[in-house]
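1. Sequence plus the predicted model coming up.
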Amino acid sequence: MLIIGPPGSGKGTQAERLSRHLGISCVSTGEIFREQVRLGTALGREVMAHLDSGDLVPDSVTNELVRERLNREDLRNGFILDGYPRNSAQVSELEAILAVTGHRLDMALQLTVDDEELIRRMLMRAALTRRSDDTEDIMRHRLALYYQETHPITSLYLQSGILVNVDGSGTEDQVFERSVVALTK
Ligand code: ADP
């Protein structure tokens, strides 16, 4: 399954909780990139500037990473993808990857939260963590990019009948409970 939502919607948190709940692995492209930056790998050095400016990492880099991860043995029984696909080229790439691995998408869970609440949450996170992309200008840029590039792909999943909307407002526990209910739909 996929989790799609704007920055600050809590998709990383919910993806992790759902993966424990379902007993399947979670692949988060943002987490992988941040880890590579922390570790100072070649990939980390390549993506750092894109992360810091709130821009998307080039598709060629992201697609190759996802292709490699999704072919791993531990994902055979399914997985949650958090943060990918993020534009229509990545949607096509994912289709091609899944055609090879033999997986089928069961669900695209979309978390919705209004913009004011998103900015409020990201500012709170900025005060607590040291994510280099959590400054107000860059947050607004990530949000704009989300509406421009990522939000439009949800209509494709709506058409194919796998899109489920979950209200992402409220507490982590409330959103998790709503997400679990959504899984049964
Ligand atoms: P958020 O949704 O809060 O922006 P993520 O952890 O999902 O947080 O992503 C952080 C950053 O990682 C993005 O701003 C982007 O630079 C990069 N990134 C993550 N996923 C992708 C992707 N699928 N394609 C391109 N860049 C990505």
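-> The structure has been received and is ready for your questions. In this text, all values refer to a predicted model and were calculated from it rather than measured experimentally. Numbering: from 1, shown residues only.

2. buried stuff in the worst-scoring helix or strand of the chain on mean pLDDT?
-> When each helix and strand of the chain is scored by mean pLDDT, DSSP states H and E, helix 115-128 comes last, with a mean of 89. Neighbour counts over helix 115-128 (16 or more other C-beta atoms under 10 Å) mark 118-119, 121-122, 126 as buried. C-betas here are computed from N, CA, C, even on glycine.

3. Could you measure from residue 2 over to residue 139?
-> Plainly put, residue 2 is 23 Å away from residue 139 if you go by C-beta to C-beta, to the nearest Å.

4. Likewise for residue 168?
-> 16 Å.

5. Those two: which is more packed in?
-> Set residue 168 next to residue 139 and count neighbours by other C-beta atoms under 10 Å: residue 168 wins out with 26 against 22.

6. tell me the secondary structure for the closest residue to the more buried one other than its chain neighbours?
-> Nearest non-adjacent residue to residue 168, counting by C-beta to C-beta, 6 or more residues apart in numbering: residue 111, 3.6 Å away. What DSSP: H, G, I helix; E, B strand; the rest coil gives for residue 111 is strand.

7. Next up, phi/psi of the closest residue to the ligand within the chain, please.
-> Residue nearest to the ligand within the chain: residue 30 (1.8 Å; C-beta to the nearest ligand atom). Dihedral angles of residue 30 (phi, psi; degrees, to the nearest 10) stand at phi -60, psi -40.

8. ditto for the one 5 residues further on
-> Dihedral angles of residue 35 (phi, psi; degrees, to the nearest 10) stand at phi -70, psi -40.

9. What segments of the chain are strands?
-> Secondary structure of the chain (DSSP state E): strands at 2-4, 25-28, 79-82, 108-112, 163-167.

10. ok, back up a step: pretty sure the residue of the chain closest to the ligand is touching residue 86, no?
-> No: using C-beta atoms under 8 Å, residue 30 is not in contact with residue 86; the gap is 9.7 Å.

11. Alongside the ligand, which residues does this structure contribute?
-> Residues of the chain lying near the ligand by C-beta under 6 Å from any ligand atom: 7, 29-30, 33, 50-51, 54-57, 62, 83-84, 86, 90, 133, 142.

12. Make a ChimeraX selection of the buried ones in these.
-> Those of these that count as buried under 16+ other C-beta under 10 Å are selected in ChimeraX with:
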select :7,29,30,33,50,51,54,56,57,62,83,84,86,90,133,142
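
13. How about residue 132: what's its closest non-neighbour residue?
-> In space, residue 132 is closest to residue 52, 5.1 Å off (C-beta to C-beta, 6+ apart).

14. ok so, going back, with respect to residue 182, which of the strands of the chain lies nearest?
-> strand 163-167 (4.7 Å; C-beta to C-beta).
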